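Undergrad: Fold the following for me, if possible:
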Amino acid sequence: MSLLRTLPTRRLLALLAAVMVIAAGGTAIALGAVGGGGPVPPAKPLASAVRDAVAAPEVSGITARITFTNKLIDSASLEGGGPLLKGAKGRLWLGDGGKLRLELQTDSGDAQIVSDGTNAWVYDSGSHTVYRGKLPQEQQKHAAKADEKPPTLAEVQQRLAELAKTADLSGATPGNIAGRPAYTVRISPKHDGGLLGAGALAWDAAKGVPLRAAVYAQGSSTPVLELKADHISYGKVPAKDFAISPPADAKVVSVDVPSSGPAGAKHAAEAAVTGIGPVSKALPFKLSAPATLVGLPRHQVRLVDWKGEKAAVVTYGQGLGGVVVIEQPAEPAAKPTRGDRRGGLQLPKVSINGATGEELDTALATMIRFERDGVAYTVLGSVPPAAAQAAARGL
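TA: Numbering: from 1, shown residues only. Model prediction:
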């Protein structure tokens, strides 16, 4: 059950670029603290270290104690929010067939993430809500193909060279993480990365299982997101450790996860509607898509399905420094019901040309949502709040 082994070759470099993978559909990740005494693996070129990890023997299961750090949002400005927003300590179990259980515990509430390899659910005690959904089909298929032939050293070298055209990669730095010999790679964007500074991924040199993942904001030497663990052990996990259910009286929200397999891609290509003219005609509301926004040229306009309603996604600029605008029909205001449990994140208000919106300001991105004339606008970008506000007011 090696994460690097079960990923298909074409997605191996995407893993290094993302550096924050949590385990889904047959993949596994255990995250560990940097440093600590213990054995250190020999120095190797990055390609060799990655290739050896991909080809490492599978493990039947993983258990660990973890600490999740989340400094995306200034804690002083947080009203509400549970372990996933504020960080927490907890435990991790990973088993055969993509079984996953992750629990985070704090004094203000708990969170559970559970998957059987095909379906998954997340429970947030603060809002007393369960989010349920199916895992992407492609990941399910690759979970069943654990014996797929790993890439050759030459293939890994080629894909690392492709990635190096747009990102700076460190070498495979030997070290010891949570008592295990490990290699760490750091990656950062070569060009405009927005507010993103870098990411880091470390993996067990012998098992090929990632041991630590972290994301850094631009100009910061400490991570804003990090998962780390100690007391890591490898071996079969009893089925009873995964036999849990969320509270029966919790609110249930279904989450649709689009398929990324060939059939899903074919369907998406056949149904694709792009361009400002075709998208405007297909929408039930007037599209707002100026030629430029905060100095960025309009890049793409695409029609999408948003909970059964036609909506539009408009992008400005390219790469991480760009801005994305989602336009969709506004939903009717939900009426509070008796006995509702609160405790979710309360976002600061912001004025957008007379309309009252909400702003989520994080260390890596800013999101603004507001409504006007029956249309809901979401502006998202790895940009400071001032730039996101200017973009929203330019619509």
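Undergrad: ok, the nearest residue to V325 once chain neighbours are set aside to A392 distance?
TA: Sequence neighbours aside, V314 is the residue nearest to V325 in space, at 4.4 Å (criterion: Cβ to Cβ, 6 or more residues apart in numbering). Just so you know, the C-beta spots here come from the backbone N, C-alpha and C atoms, and that holds for glycine as well. The gap separating V314 from A392 is 13 Å, by Cβ to Cβ, to the nearest Å.
Undergrad: The two: which has the busier surroundings?
TA: A392 (26 against 23; other Cβ atoms under 10 Å).
Undergrad: from what I can see, the more buried one looks like it's in a helix, true?
TA: Yes: under DSSP: H, G, I helix; E, B strand; the rest coil, A392 sits within a helix.
Undergrad: ok now do it, which residues does it touch?
TA: I352, G357, I368, F370, Y377, V379 (Cβ atoms under 8 Å, 6 or more residues apart in numbering).
Undergrad: related to what we said a few turns ago, which secondary structure element contains the residue nearest to V325?
TA: Using DSSP states H and E, V314 sits in strand 309-316.
Undergrad: That strand pairs with which strands?
TA: In its sheet, strand 309-316 lies beside strand 296-306 (antiparallel), strand 323-329 (antiparallel), with partners assigned from DSSP bridges.
Undergrad: Report the separation between Y131 and T222.
TA: Taking Cβ to Cβ, one finds Y131 at 30 Å from T222.
Undergrad: ok, the two, which is more surrounded?
TA: Comparing Y131 with T222 by neighbour count (other Cβ under 10 Å), the higher total belongs to Y131, at 17 against 10.
Undergrad: so that one touches A250, yeah?
TA: No: with contacts counted by Cβ atoms under 8 Å, Y131 stays clear of A250, the gap being 10.0 Å.
Undergrad: any idea of the pLDDT on the residue nearest to V325?
TA: Reading off the confidence values, V314 has pLDDT 96.
Undergrad: re earlier: so which of the strands paired with strand 309-316 is the most packed in?
TA: Comparing the strands paired with strand 309-316 by mean neighbour count (mean count of other Cβ atoms under 10 Å), strand 323-329 comes out on top with a mean of 21.
Undergrad: need the next SSE after it, C-terminal direction.
TA: Next helix or strand after strand 323-329 toward the C-terminus (DSSP H and E): strand 349-352.
Undergrad: What are the buried residues along that next one?
TA: Within strand 349-352, the residues scored as buried using 16 or more other Cβ atoms under 10 Å are V350, I352.
Undergrad: Mind listing what's buried along whichever helix or strand comes after that strand?
TA: Past strand 349-352, further along toward the C-terminus, the next helix or strand under DSSP H and E is strand 355-361. Of all the residues in strand 355-361, those buried under the rule 16+ other Cβ under 10 Å are G357, E359, L360, D361.
Undergrad: Alpha carbons of whichever strand or helix holds R369, as CSV, please.
TA: Per DSSP H and E, R369 falls inside strand 366-372. Presented in CSV, the C-alpha positions along strand 366-372 are these (Å, rounded to 0.1, in the frame of the first residue of the first chain):
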residue,chain,number,x,y,z
THR,A,366,-8.5,35.2,-0.7
MET,A,367,-12.2,34.4,-1.5
ILE,A,368,-15.0,36.9,-1.7
ARG,A,369,-18.7,36.0,-2.2
PHE,A,370,-21.5,38.4,-2.8
GLU,A,371,-24.9,38.5,-4.5
ARG,A,372,-26.4,41.1,-7.0
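Undergrad: what's it packed up against?
TA: In terms of contacts (3 or more Cβ pairs under 8 Å, 6 or more residues apart in numbering; DSSP states H and E), strand 366-372 is packed against strand 349-352, strand 355-361, strand 375-381, helix 385-393.
Undergrad: Quick check: neighbours of that strand in the sheet, parallel or antiparallel?
TA: Assessed with DSSP bridges, strand 366-372 is paired to strand 355-361 (antiparallel), strand 375-381 (antiparallel).
Undergrad: need the ones you listed in a markdown table with distance to P181, can you?
TA: Formatted as a markdown table, the strands paired with strand 366-372 follow (distance: least, Cβ to Cβ, whole Å):
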| stretch | distance to P181 |
| --- | --- |
| strand 355-361 | 40 |
| strand 375-381 | 40 |
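Undergrad: Mind putting the ones you listed into JSON lines with mean pLDDT?
TA: Formatted as JSON lines, the strands paired with strand 366-372 follow (pLDDT from 0 to 100):
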{"stretch": "strand 355-361", "mean pLDDT": "91"}
{"stretch": "strand 375-381", "mean pLDDT": "95"}
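Undergrad: Any idea which of those strands gets closest to A47?
TA: Relative to A47, the nearest member of these by Cβ to Cβ is strand 375-381, separated by 33.6 Å.
Undergrad: Flag the shaky bits of this structure, pLDDT-wise.
TA: 1-37, 75-82, 137-148, 256-271, 333-346 (pLDDT under 70).
Undergrad: got the angle for the strand holding V314 vs helix 385-393?
TA: Counting by axes from the mean of the first three to the mean of the last three Cα atoms, to 10 degrees, strand 309-316 lies at 130 degrees to helix 385-393.
Undergrad: what about the strands paired with strand 366-372, which gets the closest to R159?
TA: Closest approach to R159 among those (Cβ to Cβ): strand 375-381, 28.2 Å.
Undergrad: Tell me which residues are up against the closest one.
TA: 194, 285-286, 288, 321-331, 365-371, 387-388, 391-392, 395.
Undergrad: Please, where are all the helices along the stretch 51-200 of the chain?
TA: Counting by DSSP state H, counting those that start in this stretch, the stretch 51-200 of the chain has helices at residues 83-86, 137-143, 153-163.
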